[in-house]
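**Q** what's the 3D shape of this:
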Amino acid sequence: MRHYPKSLKNADAPVEHPPLPLERCLAKSRKIDASRSVAGRTVLDHCRIAGEVARELIARSPAFLRESFFPDGSALVAASHDIGKVSPTFQKKIYTAIGNADPTILDVLNDVDSEIEKNWGGHAGVSQCALEALEAGKDIAAIAGCHHGYAPKLAGKTADAEAFGGAAWQRQRARLLERLAEATGERFPKIRNLLHARVLAGLTSVADWIGSGATFDDPGEAWQSCIADAVDAAGFTPPRLRPGLSFREIFGFEARPIQRSLIEKACRPGAYILEAPMGIGKTEAALYAAYALVSAGKARGIYFALPTQLTSNRIHERVERFLDKVLEADSPHRNALLVHSNAGLQKFEFGADAAPGCSWFSASKRGLLAPFAVGTIDQALMASMNVKHGFVRAFGLAGKVVILDEVHSYDAYTGTILDRLVRELRQLHCTVIILSATLTGERRSALLGAARSAEAAYPLISALPAEAREPVEIAPETMPGNRVAIHQTLDIDEAMDEALNRADSGQQVLWIENTVTEAQEAFKLLAARSSGMAIECGLLHSRFIHCDREALEEKWVTRYGADGAAARRERGRILVGTQVLEQSLDIDADFLVTRLCPTDMLLQRIGRLWRHSFHQRPAGARCEAWIVSAQFEAAEQNPGEAFGKSAKVYSPYVLLRTLQAWSGVEALSLPGDIRDLLERTYEARPESEAMAKHKADLQRRREILESFALQGVSFGLDARPDTNVATRYSDIDTVELLLLQSVSHNHAAHETTVTLLDGQQLTLPHDFAAGRKREQRQLAARLATQTLKVAEYAAPADPGRNTLTWLKPYFYLGDPSKSESLLRVAIVGEGGLLRLPGGGAAAEKYELSYNPRLGYQYKKR
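**A** Numbers count the residues shown, from 1 in each chain. Model (predicted):
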């Protein structure tokens, strides 16, 4: 295969529209105010800018990434992404949109129908066809074709297709490519494999976004001297770490033996698993190992991935304290980007698809590009999935330390994707540090792609450096833990009485349910029964709008945290919540009530008890957990009735095996009993006829989930909408919901005024000039705090795309042609009831409501 740009031979096909000179082919328009646009950069200029941005990004990458993924010619790949804009349909579209268009050009393009572009994926599709014809290679052509996130549907079209302008326009594209090759001084590189292609595709998209930013808006200004500043503004500046810091200097205490063992082993790229008890300091051990790797130039940043947004928020605070210690005072990355938060959206300057209202604007996606970020596992998983811009996520993670916490909490569906992610991260020269207190041997084996060890110690470190074929296991010194009394009850009222009595005596009580609905109901009962008592009750789950959830997290996690000693002395409390309370939270309870759940999760919940030895407990307090359980024989015959909603969250077979494993357990020694309880729950054993049936149901479901998961795993550059590819399996689709107090449109002024739930009013322009992008980002971030994810069947009615155009500058409204879900909007009225912005009930089948203490609720009419 040739890797030099090549001009097409003359073709005999008739050309209906003579090509424009390259100097007149526009890539961009430029807003001068909310209603007027003028000509922006030419295609040649924009492509050259993107190529030089890519070159700068490559220069800032560590040598081990440049050698593997960014060979000579990579800048030319990025530069050539937009050559398809040299086409009659695109030029007609852009010249029609600007106010200073040359009438002679409009005459030339007069009978061009620009709308037909959508039939082949727009200019990106033309780029792909053009590069294939110019013998760039199929992979490089595909990179150009997917730079907006999706592979175009070309239906057999070729570069000299009449719709693309025929042979004459293709010859112009060939000339453009020759000029780009001359400007970059490069020829196309050889693409080694699909992962290499994905990383280059990520580089190309990011270079395009930065090159589309406000820095390069004015075509009258020289751009060559602005490249480095634009890359800085996008956040791609190397962090400056203080070298040689000890563990004590960073965290204020000496490393325990188990922490030292992990740090010593995780000293080079590879995969490392730390299985250790709750509260042992796994987070600090992983962060110090990451600090040592980044300091030594063996990694270019850190991504800390957790199961839930709540755990991400709490770890984010700890990571920020860590960064404050390890970074130089003038380092630009003293704040880790919280990838599902909105504050970080205002810090970095991107253009194109990463602008407000576009698909990559949300912090949950862009955070993967930051040197230091904390967030949910979902964004990392999508680096291995065929989602829109999944390859940008792969580019963002390449060469980083990726810390995966609480990996025991994922089912067969997410676990299948996670196994694939770990393999790809190793190929991307990442250091993967996996943390869990309750990992089964089967999952450890799958994560490392290695045979399962016969007798695993606990605690345990499994080390698989990049060059090794088999993992090495290290059994660190065991630390002393707690002895926990266990009481199992079938009577929820008995458990409520006990929780209220304990709280009345000044204890800090945790009550954990398996579903949001059950948590809301338990909270309402406990709050009502504690009325008039000196007890404070709270509720935490996932169905609060962002700002309410963050306020509740701050309040309750602080009260139950390491620094909550003064608050503990004030009064007793009951905090009700869901699984968000069992994972990665440094919270300490005096007493626990939990609904029955699988052993690994149950141990995590119990790990919240008496976590800090320095807290003073109320008189009479004892380390005890009550499990609201079920009767085994009844559950074996009818698990749906016995376990209720829990049987829809967890496998009935695993719940039944948990009941068996915990039968007769009246006390628990942590960490000594952890491995034994896990193995008793999950080991192979003879089963009764009913249990064998439940086990077969679980196995069938696992096979289905694994099959579904593999359908979403990426084997190339094709993609489906994020909304159509899930990182976690659910029978229920979800949508994003924006909640407001009121909406008032002023069409004459081209603006809308909204009242947020806290009473603040925002005036939202319907369009923004180039100089107001920061204001746009700030408004988009503020609106995002008023959103939450809800089940689609229990969401307000779909308002239709045309009714939401006023929100287009602030939210990505989806692409209906690709079945992307639209945003929903509702007004919170009197009593918290939801209605549609235009009036009327929010939904036909359900009464919907929102309360800042209870969250989002729905009940059948």
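**Q** Figure out the helix or strand that Pro277 lives in.
**A** Using DSSP states H and E, Pro277 falls within no helix or strand.
**Q** start at 886 instead
**A** All right, first residue 886 from here; so that's Pro1162.
**Q** give me phi/psi at it?
**A** phi -60, psi 160 (degrees, to the nearest 10).
**Q** what does Trp1511 give?
**A** phi -110, psi 130.
**Q** do Val1286 as well
**A** According to degrees, to the nearest 10, Val1286 has phi -90, psi 120.
**Q** Surely it and Ala1175 touch.
**A** Yes: assessed by Cβ atoms under 8 Å, Val1286 is found in contact with Ala1175 at 3.9 Å. Every residue, glycine included, has its C-beta placed from N, CA and C.
**Q** tell me the centre residue of the chain?
**A** Gln1264 (2.8 Å; Cα atoms, centre = their mean).
**Q** Quick one: residues contacting Ala1404.
**A** Glu1398, Leu1424, His1426, Val1461, Gly1462, Thr1463 (Cβ atoms under 8 Å, 6 or more residues apart in numbering).
**Q** Give me the neighbour count for the fourth one.
**A** If you count neighbours by other Cβ atoms under 10 Å, Val1461 ends up with 28.
**Q** what does the helix or strand hosting it rub up against?
**A** In the assignment (DSSP H and E), Val1461 maps to strand 1457-1462. By Cβ under 8 Å, 6+ apart, the surrounding residues in contact with strand 1457-1462 are 1384-1385, 1387-1398, 1404, 1407-1408, 1411, 1415, 1419-1426, 1441, 1444-1445, 1466, 1474, 1503.
**Q** Outline the domain layout of the protein.
**A** Listed by automatic domain parsing, the domain ranges of the chain are 907-1118, 1132-1359, 1368-1555, 1617-1745.
**Q** Dump those to JSON lines, plus mean pLDDT and distance to Leu1126.
**A** Compiled in JSON lines, the domains of the chain are given as follows (pLDDT from 0 to 100; distance: least, Cβ to Cβ, whole Å):
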{"stretch": "domain 907-1118", "mean pLDDT": "92", "distance to Leu1126": "14"}
{"stretch": "domain 1132-1359", "mean pLDDT": "83", "distance to Leu1126": "5"}
{"stretch": "domain 1368-1555", "mean pLDDT": "94", "distance to Leu1126": "24"}
{"stretch": "domain 1617-1745", "mean pLDDT": "88", "distance to Leu1126": "29"}
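**Q** picking up where we left off before, can you check which residues contact both of Val1286 and Ala1175?
**A** With Cβ under 8 Å, 6+ apart as the test, Val1286 and Ala1175 both reach Ala1184, Ile1187, Thr1316, Ile1318.
**Q** Just to be sure, which of those residues are found in strands?
**A** Ile1187, Thr1316, Ile1318 (DSSP state E).
**Q** Can you get me a residue count around the second one?
**A** So that's Thr1316. Count around Thr1316 with other Cβ under 10 Å applied: 28.
**Q** give the contact list for it.
**A** 1151, 1153-1155, 1157, 1174-1175, 1178, 1183-1184, 1285-1287.
**Q** mind redoing it with 7 Å?
**A** Ala1151, Pro1154, Gly1155, Leu1178, Ala1184, Val1286 (Cβ atoms under 7 Å, 6 or more residues apart in numbering).
**Q** CA atoms only: put the longest helix belonging to the chain into PDB for me.
**A** Counting residues, the longest helix found in the chain (DSSP state H) is helix 1574-1597. Taking C-alpha atoms only, helix 1574-1597 is exported to PDB below (Å, rounded to 0.1, in the frame of the first residue of the first chain):
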ATOM      1  CA  GLU A1574     -34.000 -29.200  42.600                       C
ATOM      2  CA  ALA A1575     -35.400 -25.700  43.300                       C
ATOM      3  CA  MET A1576     -31.900 -24.300  43.800                       C
ATOM      4  CA  ALA A1577     -30.600 -26.000  40.600                       C
ATOM      5  CA  LYS A1578     -33.500 -24.300  38.700                       C
ATOM      6  CA  HIS A1579     -32.500 -20.900  40.200                       C
ATOM      7  CA  LYS A1580     -28.900 -21.500  39.400                       C
ATOM      8  CA  ALA A1581     -29.800 -22.400  35.800                       C
ATOM      9  CA  ASP A1582     -31.800 -19.200  35.500                       C
ATOM     10  CA  LEU A1583     -28.800 -17.200  36.700                       C
ATOM     11  CA  GLN A1584     -26.500 -19.000  34.200                       C
ATOM     12  CA  ARG A1585     -28.800 -18.300  31.300                       C
ATOM     13  CA  ARG A1586     -29.100 -14.700  32.400                       C
ATOM     14  CA  ARG A1587     -25.300 -14.400  32.700                       C
ATOM     15  CA  GLU A1588     -24.900 -15.800  29.200                       C
ATOM     16  CA  ILE A1589     -27.400 -13.400  27.800                       C
ATOM     17  CA  LEU A1590     -25.800 -10.500  29.600                       C
ATOM     18  CA  GLU A1591     -22.300 -11.500  28.400                       C
ATOM     19  CA  SER A1592     -23.700 -11.800  24.800                       C
ATOM     20  CA  PHE A1593     -25.400  -8.300  25.100                       C
ATOM     21  CA  ALA A1594     -22.200  -6.800  26.500                       C
ATOM     22  CA  LEU A1595     -20.100  -8.200  23.600                       C
ATOM     23  CA  GLN A1596     -22.500  -6.600  21.100                       C
ATOM     24  CA  GLY A1597     -21.500  -3.200  22.600                       C
END
